[in-house]
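In: Build me a structure from this.
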Amino acid sequence: MRYRAFHAATAPSPLARLLLASCLCAWNLWAQAIEWPQEITTSEGIITVYQPQPESLNGNVLKGRAAMSLKLKGHDEPIFGAFWFDAKIATNRDTGIAIIHDVKVTKVRWPESKDAGEQRFTAVVEAAVPENGFKISLERLSASLKAANVERKSLENLNNEPPKILFRQKLAVLLLYDGEPRFSAIEGSDYERALNTPFLVAGKQHSQDYYLSNGTFWYQARDPMGPWTPTNSPPPDLVGMLPKQSDDEPQTNSPPAIVTASQPTELIVTQGQPDWQSLPGGQLLYVQNTETPWLRELSTNNMYVLLSGRWYRSKVQNGPWTFVRADELPDSFKNIPPASDIGGLRTSVAGTEEAEEAVLDAQIPQTAAIKREEAKLTVKYDGSPKFEKIPGTGVAYAVNTGAQVLLINNRYYAVDNGVWFTASSANGPWVVAVSIPSEEIQKIPPSSPVYNTTYVHIYEATPEVVYVGYTPGYLWSFPYYGVPVYGTGWLYPPYYGRWYYPRPFTWGFNVGYNPWTGWNFGLSWSNGFFSFGMHWGGGYGGFYRPWGCCGGWYGGGYRRPVLINTGNINIGNNINIGNRATIKNRIDRHANFNLHHSRTNLYHRLENRTRNADRATILGNRKQARPAVNRANNVFASRDGNVARRVNGAWEKRENGQWQRDHLTSATRQRALPAIREQATPEMRQRLQSTIQSQNFNRLNLNLAHQARQRGARREAARPLNLRRSLGRWR
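Out: Numbers count the residues shown, from 1 in each chain. Predicted coordinates:
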């Protein structure tokens, strides 16, 4: 969640409106809950499968168990049992749906059936289940992983040194350069443009006159680092180069101040003095008139700010600021009410349900089946390919290209929008890779700008397709001590030659996490400057997005370069100083380029869809299990294969064809144990203790599974409303 600040100062940005509109088509899918249990019709009868209980998730392979019932034809009562399975998942974050397919039944247990019919029942299940696919929402799937064996390790070697943190008490915009300002002449004019900023900055050649604009307000300075002052008389010829500003651009009553930086910096702005508000319980205060999470813990009087998912602490505004791990925050942070103005911050507090779900969600890959003949890649270099060795690995990466190209054991590998390619030459020809040297690639450290490639995987291949996937690390989102963080924190030097290639940034764009949309960049009321700059002359080729954040192009595996030698560009009313003439077709084909965020499916972007295999290729001739009518999704399989259901807050076990209330509660067991032990032999006591431990473990596991299932169902039902609310407040 981001704070709702300065609504009176600006109208909602076109970014927010377009993002909202782009999701309308998906809301119809999200609004329809994917009901469980689901049923399969066979020649013997109907198999009802209750929501699966994952035991592990490794890549796209899901292992788990599920409770089931088999109602044979001509019988009134169903037979309950459990089966274990190995399956694959195909996911689509655009729709919020995963399909469980290629199910292999590895074991079946019928705790209430001891007759010869058990083999017959097992044969029915083993034959019917693999022929069907099951659909489940990503909310239910991620929540159910809480009781599974899922790797939750935190990354090593992230750089958590704080950026420079600046505070302002009036409307201000951070003008961030990627290092010292660099300019390139615009042929056919007397101007040069700044290459290494997403804003429109132009200078008069052979002078010290510089101008900054968002299309409405103009500023001038004698130095590109400022100070910048508003002007009402910009050069007419420079104004004429700019396209007409859209009426939809956000408007402000007066030009905001410009704060300039060339090193990692974050700008925290309040409308006037910080407006501190108290949360219920009186343990925490928060500033409500800012978009940056800014809190004060009253027992220590420490202030905390949240930047790119990381917490920093200081006694005073001017610092020094110190990094605080999310699992070492004061306990008062866990008591932030979910429904409060800052309830969304619970995602960044380790130990909360919201944080746990965000970390589990990051374990689910976005998958695709790529047609080997359709997927193409062309790599262009600034001159001859130049490679730089990555210390501690056998990997080198190309520094002078817009693609992510690796050299490993005299073979070349490249990642493009979540797909691996390979070639025997750095210049190609490139073909879809069916395997990669994963052991070497996994050694790439976070200090390398190609670290995100370690999160792109190849699962398997056929002569026609390659099954691939990526997890959020490819988009620079990482689990870190119980919460998601954005970016590695490392400062990657850019490449300058005939072209300019930016590197991924962690700081400077007010990046925040939204539980429903993932990472979003902020910039709040500065969207007018930012959008104008990235459309019309920002030094990023007119096509800038934060690296990896929000579906940024670097996370998609492509660093769009900035041409330093601009060549012949006619300057006129229809051509602008952002070199739009050379990228117009790309802009037209990517009309929604700003709408992608970290939960979006890269594989389903318009430019990537032709290479995707259709659903029939992925699922084959499998049928789709259908929702079971009027059945509660309250039946579970314990780890030992027994079946239990949750009714009115209590557990019932399936025994002898009936549901029996589990009266052996913990309190009852503890009262009975002394008498039982007095009459038991040592061997009996040992068996008794083992049995009790097993029962306790099963009951705990069932409780976790029940809680996770309920949580997933609530999140699934709430998703359309919460997504609408979160996008409506995001600007």
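
In: the helices in this protein, which residues?
Out: For the chain, the helices defined by DSSP state H occupy 14-31, 117-128, 138-144, 236-241, 353-361, 438-441, 527-536, 584-589, 615-619, 666-678, 682-729.

In: list the helices and strands the second one packs on?
Out: Applying 3 or more C-beta pairs under 8 Å, 6 or more residues apart in numbering; DSSP states H and E, one finds that helix 117-128 contacts strand 45-49, strand 61-72, strand 79-92, strand 97-109. Glycine gets a C-beta too; all of them are placed from N, C-alpha and C.

In: Where among the helices of the chain is average confidence lowest?
Out: Per-segment mean pLDDT for the helices of the chain reaches its minimum on helix 584-589, at a mean of 25.

In: need the helix or strand of the protein with the lowest average pLDDT.
Out: Least confident helix or strand, the chain: helix 584-589 with a mean of 25, by mean pLDDT, DSSP states H and E.

In: Where do the domain boundaries of the chain fall?
Out: The chain breaks down by automatic domain parsing into domains covering 38-150+621-658+691-726, 268-361, 366-470.

In: low-scoring pLDDT stretches of the stretch 301-450 of the chain, where are they?
Out: Within the stretch 301-450 of the chain, no range satisfies pLDDT under 70.

In: give me that answer again for 90
Out: In the predicted model, the stretch 301-450 of the chain carries pLDDT under 90 at residues 319, 339-341, 344, 357, 360-363, 401-403, 428.

In: For it, just list every one of the strands.
Out: With strands called from DSSP state E, counting those that start in this stretch, the stretch 301-450 of the chain shows them at 302-307, 310-314, 322-324, 366-371, 387-389, 395-398, 404-408, 411-416, 419-423, 431-432.

In: Pro235: which of these is closest?
Out: Pro235 lies closest to strand 302-307 among the strands of the stretch 301-450 of the chain, at 37.4 Å (C-beta to C-beta).

In: quick one on the thing from earlier: which one of the domains of the chain lies closest to Trp507?
Out: domain 268-361 (6.6 Å).

In: can you give me the end-to-end distance of the closest one?
Out: Domain 268-361 has an end-to-end distance of 29 Å (C-alpha to C-alpha, to the nearest Å).

In: repeat for stretch 306-314
Out: End-to-end for stretch 306-314, by C-alpha to C-alpha: 12 Å.

In: what's it in contact with?
Out: The contact list for stretch 306-314 (C-beta atoms under 8 Å, 6 or more residues apart in numbering) reads 160, 162-163, 165, 266, 292-293, 302-305, 320-326, 329, 345, 348, 480, 483-487, 489, 506-507, 511-513.

In: Give me the number of neighbouring residues for Ala506.
Out: I think there's a mix-up here, since residue 506 is Thr and not Ala. Number of residues near Thr506 (other C-beta atoms under 10 Å) recorded here: 29.

In: Which phi and psi values does the nearest residue to it once chain neighbours are set aside adopt?
Out: Spatially, and ignoring its direct neighbours in sequence, Thr506 is nearest to Gly487 (2.9 Å; C-beta to C-beta, 6 or more residues apart in numbering). Gly487 has phi and psi values of phi 80, psi 160 when expressed as degrees, to the nearest 10.

In: just Trp490 next, same as before
Out: Torsion angles, degrees, to the nearest 10, at Trp490: phi -80, psi 150.

In: Against Thr517, how distant is it?
Out: 25 Å (C-beta to C-beta, to the nearest Å).

In: any chance you could map the strands in the stretch 101-250 of the chain?
Out: Under the criterion DSSP E, counting those that start in this stretch, the stretch 101-250 of the chain contains strands at 132-137, 164-168, 172-176, 183-185, 191-194, 200-204, 210-213, 218-221, 229-231.

In: do you know which of those strands lies nearest Asn703?
Out: Asn703 sits nearest to strand 132-137 of all the strands of the stretch 101-250 of the chain, at 21.0 Å, using C-beta to C-beta.

In: Report the mean confidence score over the closest one.
Out: 92.

In: Report all helices and strands that it contacts.
Out: Under the contact rule (3+ C-beta pairs under 8 Å, 6+ apart), strand 132-137 is packed against strand 38-41, strand 97-109, strand 623-624, helix 682-729.

In: Just the residues contacting that strand, thanks.
Out: Here strand 132-137 has contacts from 33-34, 36, 38, 40, 49, 51-52, 96-101, 103, 619, 622-625, 712, 716, 719, using C-beta under 8 Å, 6+ apart.

In: Run the angle between it and strand 97-109 for me.
Out: Going by axes from the mean of the first three to the mean of the last three C-alpha atoms, to 10 degrees, strand 132-137 is angled at 130 degrees with respect to strand 97-109.

In: So in that sheet, which strands flank strand 132-137, and in what orientation?
Out: Sheet pairing for strand 132-137, assigned by DSSP bridges, gives strand 97-109 (antiparallel), strand 623-624 (parallel).

In: And those: which comes nearest Ala632?
Out: In terms of C-beta to C-beta, the element of the strands paired with strand 132-137 nearest to Ala632 is strand 97-109, at 20.6 Å.

In: What would the closest one look like as PDB? C-alpha coordinates only.
Out: The C-alpha coordinates for strand 97-109 follow below in PDB (Å, rounded to 0.1, in the frame of the first residue of the first chain):
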ATOM      1  CA  ILE A  97      -4.700 -18.900 -12.300                       C
ATOM      2  CA  ALA A  98      -2.500 -22.000 -12.100                       C
ATOM      3  CA  ILE A  99      -3.300 -25.300 -13.800                       C
ATOM      4  CA  ILE A 100      -2.200 -28.500 -12.100                       C
ATOM      5  CA  HIS A 101      -1.500 -31.000 -14.900                       C
ATOM      6  CA  ASP A 102       0.500 -34.100 -15.800                       C
ATOM      7  CA  VAL A 103      -0.600 -35.500 -12.500                       C
ATOM      8  CA  LYS A 104       1.000 -38.800 -11.500                       C
ATOM      9  CA  VAL A 105      -0.600 -40.600  -8.600                       C
ATOM     10  CA  THR A 106       2.200 -42.100  -6.600                       C
ATOM     11  CA  LYS A 107       0.300 -43.600  -3.700                       C
ATOM     12  CA  VAL A 108      -3.400 -44.200  -2.700                       C
ATOM     13  CA  ARG A 109      -4.700 -45.000   0.800                       C
END
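
In: Tell me what angle it forms with strand 61-72.
Out: Using the same axes, to 10 degrees: strand 97-109 against strand 61-72 is 60 degrees.

In: Residue numbering should commence at 9 henceforth.
Out: Renumbered: residue one is now 9, and that last one reads strand 105-117.

In: Buried residues in strand 105-117, which are they?
Out: Buried residues in strand 105-117, defined by neighbour count with 16 or more other C-beta atoms under 10 Å: Ile105, Ala106, Ile107, Ile108, His109, Asp110, Val111, Val113, Val116, Arg117.

In: ok, these vs Asp245, which is closest?
Out: The nearest one, if we look at these relative to Asp245 and count by C-beta to C-beta, is Ile105, at 53.5 Å.

In: In TSV, list the strands paired with strand 140-145 along with distance to Arg654.
Out: Listed next are the strands paired with strand 140-145 as TSV, based on distance: least, C-beta to C-beta, whole Å:
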stretch	distance to Arg654
strand 105-117	20
strand 631-632	27
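
In: Pipe the ones you listed into a markdown table and attach mean pLDDT per row.
Out: Converted to a markdown table, the strands paired with strand 140-145 look like this (pLDDT from 0 to 100):
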| stretch | mean pLDDT |
| --- | --- |
| strand 105-117 | 93 |
| strand 631-632 | 86 |
